[in-house]
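1. Could you look at this predicted model? Sequence included:
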Amino acid sequence: MAEKYPTGKSEENHIPYEAVKAIADNILSRIQVKPVIGIICGSGLGSLTEAITNAQNIEYKDIPGFPVSTVAGHVGRLVVGMLEGLPVLAMQERFHYYEGYSLIKCARPVRVMKLMGIEYLMVTNAASGINPAYKVGDIMLIRDHINFVGISGNSPLRGPNDERFGPRFPPMTDAYDPALITRALGIAEEMGIQDVKVGTYCFLGGPNQESIAECKMLHTIGVDAVGMSTAHEVVTAQHCGLKVFAFSLITSKASLDYEKKEYANRAEVVAVGKSRESTCRELMCRMIKSIAAERGTSDPSCGCSM
Ligand SMILES: O=P(O)(O)O[C@H]1O[C@H](CO)[C@@H](O)[C@H]1O
Ligand code: HPA
């Protein structure tokens, strides 16, 4: 008899619609609001969750079927509540391929969000600037990605396709919603953010940092910033019809010169995240406020600008 799931039946490789629905229902049964916006907080960017009011925290380890964070210093919880007049669910923080999970499992929370009724996915990450014009501390709105891990066939959509999530061959044109990018540019200008960038993010598997030769290649192929996340989440979101907005905080500059002896380090990522957290938080809050206004659900009593 033909194998029904040629990728294997392990939950690393396949999770049926009904199992995703069970996770979504479990979370919904424990929270007081029905989130419209899902947020994935990047490394060092979890302080956004402090702006969420009436917050309920649910640890990943207490959600049956959810992965758990393994990166030292990562918090690993959902924060659900109100932000700028809209019910939100924020992930503080995310799952990375290098932690040992399959991409299917890393991106599972996105499908859970979809089946909870979420419509927008807002994503942040820490990344290294490949574009020589980028500076540490810059914000790059993501226009597109190069999914290095996915190009060769390692996709979160690999395996049997369930049309209830989306089509077998989903397009990736405008996976990062162009109208939300335009809006973010306006908001960044209002906020006086200097020189906001719009660029291409590249997802590499990590956890090692890129070699100098790899950075040179990434520059040649048009990458602006590189990191170890995001693309698999956005592919999954686009497949199931979520609107996506994403930005990178540039926490280091890629080394392109052997003589400079630059060594990327995690402490730098965390320190830059800390120094830019209020700006990143305000940008995200203002984006959510603009979506609330569009939907006619603004609450003037809310506000998270610091
Ligand atoms: O993409 P996020 O989760 O922000 O994390 C980034 O920071 C870590 C490296 O310091 C890597 O995990 C990289 O992907
Ligand atoms: O230098 C980096 N490389 C890859 N991912 C990253 N995320 C933060 N900094 C980096």
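-> Looks like it came in fine. Ligands and ions are numbered 1, 2, ... in the order given.
2. which SS state does the residue in the stretch 51-200 of the chain positioned nearest to ligand 1 fall under?
-> Taking Cβ to the nearest ligand atom, ligand 1 has its nearest neighbour within the stretch 51-200 of the chain at residue 125, 3.5 Å off. All C-beta atoms are positioned from the backbone trio N, CA, C, and that covers glycine. What DSSP: H, G, I helix; E, B strand; the rest coil gives for residue 125 is strand.
3. If I look at it, what pLDDT would I see?
-> Looking at residue 125, its pLDDT reads 97.
4. That one and residue 231 touch, don't they?
-> No - using Cβ atoms under 8 Å, residue 125 is not in contact with residue 231, being 9.9 Å away.
5. Chain neighbours aside, what residue packs nearest to the residue of the stretch 51-200 of the chain closest to ligand 1?
-> Nearest-residue entry for residue 125: residue 42, 3.7 Å, with adjacent residues in sequence omitted and distances by Cβ to Cβ, 6 or more residues apart in numbering.
6. check contacts around that neighbour.
-> Listed by Cβ atoms under 8 Å, 6 or more residues apart in numbering, the contact set of residue 42 reads 93, 94, 123, 124, 125, 126, 229, 248, 249, 273.
7. that older thread, with neighbour numbers in mind, choose between residue 125 and residue 231.
-> Counted by other Cβ atoms under 10 Å, residue 125 and residue 231 do not tie: residue 231 has more neighbours, with 31 against 28.
8. contacting residues for the more buried one?
-> Going by Cβ under 8 Å, 6+ apart, residue 231 touches 145, 146, 147, 149, 150, 201, 203.
9. cool, and residue 70?
-> Residues in contact with residue 70 (Cβ under 8 Å, 6+ apart) are 99, 100.
10. Can you tell me the SS state at it?
-> coil.
11. how about stretch 107-124, does it reach ligand 2?
-> No - counting by Cβ under 6 Å from any ligand atom, ligand 2 is not contacted by stretch 107-124; separation bottoms out at 11.6 Å.
12. gap between that stretch and the chain center?
-> 10 Å (Cα atoms, centre = their mean, to the nearest Å).
13. Any idea how far apart the tips of it sit?
-> By Cα to Cα, to the nearest Å, the extent of stretch 107-124 from end to end equals 15 Å.
14. Kind regards, and thank you for your time.
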